[in-house]
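Engineer: model the structure of this input:
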Amino acid sequence: MHEGALCAALLARVEGVARAAGALRVSRVRLRVGPLAGVETELLARAFALARAGTLAADADLAIEAVPVRVRCRECGSESGAGPRHLRCGACGSHATQLLAGDELLLAGVDL
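Structural biologist: Modelled structure (predicted):
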């Protein structure tokens, strides 16, 4: 389960942010996760609940914002939403697209 390793790295970053701000505790960790990030958000939430013990985020909530897949068409130039398994242009149906969003796993914020 790589979600456990992700949580360990995430919590190290969160603790760094909290310590730099002189905080004694973290109340919420906010993430942005796209469907192409390769992360199971339910497993990530469970791993976070276990990994946070003994850290400044021991009582912190984990807020996960789902980021939709967005593409830009290389043929017609349109930007549109797309399915994670079908990265086609929503305007012309072309498969010649560039991924704009949906593969991120970002630390969006830390509430101290």
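Engineer: other SSEs contacting the helix or strand hosting Leu107?
Structural biologist: If you go by DSSP states H and E, Leu107 is part of strand 105-111. Contacts defined by 3 or more C-beta pairs under 8 Å, 6 or more residues apart in numbering; DSSP states H and E place strand 105-111 against helix 2-20, strand 28-33. Every residue, glycine included, has its C-beta placed from N, CA and C.
Engineer: can you give me the buried ones in the first one?
Structural biologist: Yep, that's helix 2-20 we're talking about. Residues of helix 2-20 classed as buried under the neighbour-count rule (16 or more other C-beta atoms under 10 Å) are Glu3, Leu6, Cys7, Leu10, Leu11, Val14, Glu15, Val17, Ala18.
Engineer: ok, the shortest one next?
Structural biologist: Neighbour-count burial for strand 28-33, with 16+ other C-beta under 10 Å as criterion, is recorded at Val29, Leu31, Arg32, Val33.
Engineer: doesn't Ile64 make contact with the first one?
Structural biologist: Meaning Val29. No: in this structure Val29 lies outside contact range of Ile64 using C-beta atoms under 8 Å: 9.3 Å.
Engineer: on that earlier part again, please work out the average pLDDT along the strand holding Leu107.
Structural biologist: Strand 105-111 shows a mean pLDDT of 97.
Engineer: how far does that strand sit from the chain's center?
Structural biologist: The gap between where strand 105-111 is centred and where its chain is centred comes out at 8 Å by C-alpha atoms, centre = their mean, to the nearest Å.
Engineer: what's the angle from that strand to helix 2-20?
Structural biologist: Here the directions of strand 105-111 and helix 2-20 differ by 40 degrees (axes from the mean of the first three to the mean of the last three C-alpha atoms, to 10 degrees).
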